[in-house]
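Novice: Sequence unavailable; structure follows:
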């Protein structure tokens, strides 16, 4: 994906998030057998991209003088399974 051409465009990103068990003590056999991660689906606006990550916001306000963003996520590229530009937004 070209860095500057897609900034401030709507995107769909599917990515793997890390997990953590809530229990203090865990049976090691159970821990080693559970290799699942959480698949997250994020809709937002691409506000930045570098070699390591995508910056995405869920809210975007643009006026004549300024751009304001809210709900900002930094998603590591190594976790991304799919990214798609949503045309028309």
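Specialist: Ah, there it is. Computed from a predicted structure; not experimentally measured.

Novice: immediately after the worst-scoring helix or strand of the chain on mean pLDDT, which helix or strand?
Specialist: The weakest-scoring helix or strand in the chain, judged by mean pLDDT, DSSP states H and E, is helix 28-33 (a mean of 86). Later in the chain than helix 28-33, the nearest helix or strand by DSSP states H and E is strand 38-49.

Novice: Who are the packing partners of that following strand?
Specialist: Packing contacts for strand 38-49, counted by 3 or more CB pairs under 8 Å, 6 or more residues apart in numbering; DSSP states H and E, involve strand 10-17, strand 53-62, strand 67-76. Yep, even glycine has a C-beta here, placed from its N, CA and C like the rest.

Novice: would you turn those strands into TSV with mean pLDDT and mean neighbour count?
Specialist: Formatted as TSV, the helices and strands packed on strand 38-49 follow (pLDDT from 0 to 100; neighbours: other CB atoms under 10 Å):
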stretch	mean pLDDT	mean neighbour count
strand 10-17	95	16
strand 53-62	93	16
strand 67-76	94	14
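
Novice: Pick out the residue nearest the middle of the protein.
Specialist: Compute the mean C-alpha point of the chain, and by CA atoms, centre = their mean the closest residue is residue 75, 3.9 Å away.

Novice: wouldn't that one be in contact with residue 50 here?
Specialist: No. If you go by CB atoms under 8 Å, residue 75 and residue 50 don't touch, sitting 11.5 Å apart.
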